[in-house]
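K.L.:
Attaching a predicted model along with its sequence, questions to come.
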2 protein chains.
Amino acid sequence: MHSFEALSKQFAQYFNVRHFPKEPSSLYDADEYFLSLGGKRVRPVMCLMGNELFDEISKDAWPVAAAIELFHNFTLIHDDIMDKAPLRRNQPTVHAKYGESTALLSGDVMLIVAYDYLNQVSNDYLHKVIRLFNQTAKEVCEGQQMDMDFEKQEVVKMDEYIRMIELKTSVLLAASLSLGAILGGAGQANQEHIYAFGRNLGIAFQIQDDYLDAYGDPAKFGKQPGGDIMSNKKTFLMIKALESANAAQLKELKRLMQENPEDKVARVLSVFDDCGVNKWAAGLKEKYINEAFEHLEEMAVVTSRKEPLRELAHFLVQREH
Amino acid sequence: MHSFEALSKQFAQYFNVRHFPKEPSSLYDADEYFLSLGGKRVRPVMCLMGNELFDEISKDAWPVAAAIELFHNFTLIHDDIMDKAPLRRNQPTVHAKYGESTALLSGDVMLIVAYDYLNQVSNDYLHKVIRLFNQTAKEVCEGQQMDMDFEKQEVVKMDEYIRMIELKTSVLLAASLSLGAILGGAGQANQEHIYAFGRNLGIAFQIQDDYLDAYGDPAKFGKQPGGDIMSNKKTFLMIKALESANAAQLKELKRLMQENPEDKVARVLSVFDDCGVNKWAAGLKEKYINEAFEHLEEMAVVTSRKEPLRELAHFLVQREH
């Protein structure tokens, strides 16, 4: 049994190799560049953790973990194009550095290489792994489309937003754990519990994300909070505020969103506070964490084996950066 | 044994169903729209033909044929974004109709659904099918990148251009046949011969494509020829002309490409004729067709079973539209 940190190190050793051919360098350099920007590799390590919950880490879990990480990076490259984002991890995005066409194509090829890794899985599990991987991949695309649709929608309802977060963020965390569990020989009930654990954890994770972007401590958060507020992003906090504000607060919020005054962030936060959005978010996060832990409890696995996952969950939803 | 036409009808029956979920319609309508534009479905039918060369069409060949067609359409959606093409098959391209972000994402999801179809292949062949499919998919991306690189390059050498065509066009035709053959139980030598048949045929096909765009009969070609010449595209004909022109002809070509006079097409064609590019192209096409047919001959299969492929090959390289 290993902690998240220990497995992160092991995964880095496995994953920090060249994944793409040398030529044409005009295509593959873009892929290698993006992977070199790093990241916490949370999803592949969750796959290894889901696997180790049941047994020693299986030979098949490594390439599946790599496929998950490549898939995740593929979505980031393409999302950055759609969002016209100039920076990712404080470095130029692929399209900013190599142009949109190469970014598009380097994303495509990264997805294909993810399937190369999946294809290393043994016959016993290959069909099942591809089935869950593909279902998840489609859902992530659906979530991204919903997210873009919301930008054009005047009103986004809370349940729509939660469904979008589930698709865009949660299902990949859930599937990472579940794919690991499948390869560990988990039965159907355990597969479903670990999936539900990941799905609920993912939503709590996103609530924390939205919270930090509004209330984060700049010193710990690593950047100035308020980005979501500045860009009028519909987050958990903003949707709740719009839903629960009284007439005067609603008018103030809409005016701030339209006029973008210099002190916009502070004034939006002050409305958030008046509406109790801050406390509400903490409560909602708690609800999802509790639900996640209930599913972890329900798993028919020796309790001590669950400890690393419990630690990781606490870290993900309490992190301040 | 069936002709291309007969198998086209059978494939249409299998393929003309809904391939994507209903919701979110903002994403999946774009996919269904693009597939509704139709096409000759050459590649999937080649997969079926490669399969039937050895035996009755196998259950696995149908989903692999569908995966190939979906992959091909995925590349078209993304290529159209990169080329900023407004029309495809005389209808608006996906990005023109639904916006670039949705086009990007609908292409992504189409590739994922292609793997759903591949995942229907039985255990005996799944690894092998994914391996060849993926190798081909990467090569097609590499070909597209080379094609974009060539646009910025002042000089493109003939062997570079042929390599690009091989990657962008030929390998998918070759793999379509070969995947069918694999599922038909073909041995290694037969797999290699049918692959080489498709690869050479694909280059001959592209020479015919470039030829028709310059010399096609508008009544049969369906549109005014000269599009490649107008946009200074580096084609078989143009590269050969630039390589073989004398100083005066070279000066004339470069001036025409820079100044775009009204009678550009006629004057470029006249240089082509003076350089003998027209005849050279016919000869080169012949060379690749002959090589293709030699590989077909070499296949250890009853001669009569090869007849549909021979007919298809003649059609593809002699077509006037």
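P.N.:
Everything's here; your move.
K.L.:
Kindly report the residues of chain A close to chain B.
P.N.:
Along chain A, the residues adjacent to chain B under the rule CB under 8 Å from any CB of the partner chain are A:21, A:23-24, A:26-27, A:78, A:81-82, A:100-102, A:104-105, A:107-109, A:111-113, A:115-116, A:118-119, A:123, A:126-127, A:130-131, A:134, A:137-138, A:141-142, A:144-146, A:148-149. Placement of C-beta: from N, CA and C, glycine included.
K.L.:
Those in helices, which ones?
P.N.:
With DSSP state H as the criterion, helices contain A:26-27, A:78, A:81-82, A:100-102, A:104-105, A:107-109, A:111-113, A:115-116, A:118, A:123, A:126-127, A:130-131, A:134, A:137-138, A:141-142, A:144-146, A:148-149 from among the residues of chain A next to chain B.
K.L.:
thinking again about what came up before, please produce a ChimeraX select command covering the buried subset of the residues of chain A next to chain B.
P.N.:
Selection of buried members from these for ChimeraX, criterion 16 or more other CB atoms under 10 Å in any protein chain shown:
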select /A:24,26,27,78,81,82,100,101,102,104,105,107,108,109,111,112,113,115,116,118,119,126,130,134,137,138,141,142,144,145,146,148,149
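K.L.:
if I look at A:His78, how far off is A:Tyr211?
P.N.:
Look at A:His78 and A:Tyr211: by CB to CB, to the nearest Å, they are 27 Å apart.
K.L.:
residues of stretch A:8-20 that come out buried?
P.N.:
Within stretch A:8-20, the residues that count as buried by 16+ other CB under 10 Å are A:8, A:10-11, A:15, A:19-20.
K.L.:
what stretches of chain A score poorly on pLDDT?
P.N.:
Along chain A, no part satisfies pLDDT under 70.
K.L.:
Domain parsing of it, as residue ranges.
P.N.:
Per automatic domain parsing, the structural domains of chain A span A:1-186, A:187-321.
K.L.:
which of those domains is buried the deepest?
P.N.:
Ranked by average neighbour count under the criterion mean count of other CB atoms under 10 Å in any protein chain shown, the domains of chain A are headed by domain A:1-186 at a mean of 20.
K.L.:
from the middle of its chain, how far away would it be?
P.N.:
In terms of CA atoms, centre = their mean, to the nearest Å, the centre of domain A:1-186 is found 9 Å from the chain centre.
K.L.:
same question, stretch A:308-321
P.N.:
14 Å.
K.L.:
what sits up against stretch A:240-253?
P.N.:
Residues outside stretch A:240-253 that contact it (CB atoms under 8 Å, 6 or more residues apart in numbering or on different chains) are A:155, A:158, A:267-268, A:271-272, A:274-277, A:280-281.
K.L.:
Now render those as TSV, adding secondary structure and distance to B:Ser36.
P.N.:
As requested, the contacts of stretch A:240-253 are exported to TSV (DSSP: H, G, I helix; E, B strand; the rest coil; distance: CB to CB, whole Å):
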residue	secondary structure	distance to B:Ser36
A:Val155	coil	32
A:Met158	helix	36
A:Arg267	helix	50
A:Val268	helix	45
A:Val271	helix	47
A:Phe272	helix	47
A:Asp274	helix	52
A:Cys275	helix	47
A:Gly276	coil	50
A:Val277	helix	45
A:Trp280	helix	46
A:Ala281	helix	44
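K.L.:
Kindly indicate which of these lies nearest A:Ala65.
P.N.:
Nearest to A:Ala65 among the contacts of stretch A:240-253: A:Ala281, at 31.5 Å, using CB to CB.
K.L.:
The closest one against A:Met238, yeah?
P.N.:
No. Assessed by CB atoms under 8 Å, A:Ala281 is found out of contact with A:Met238, at 10.8 Å.
K.L.:
ok, now how distant is the residue sitting nearest the centre point of chain A from chain B?
P.N.:
With distances taken as CA atoms, centre = their mean, A:Thr169 lies nearest the centre of chain A, 4.1 Å away. Distance of A:Thr169 to chain B, computed by CB to the nearest CB, to the nearest Å: 16 Å.
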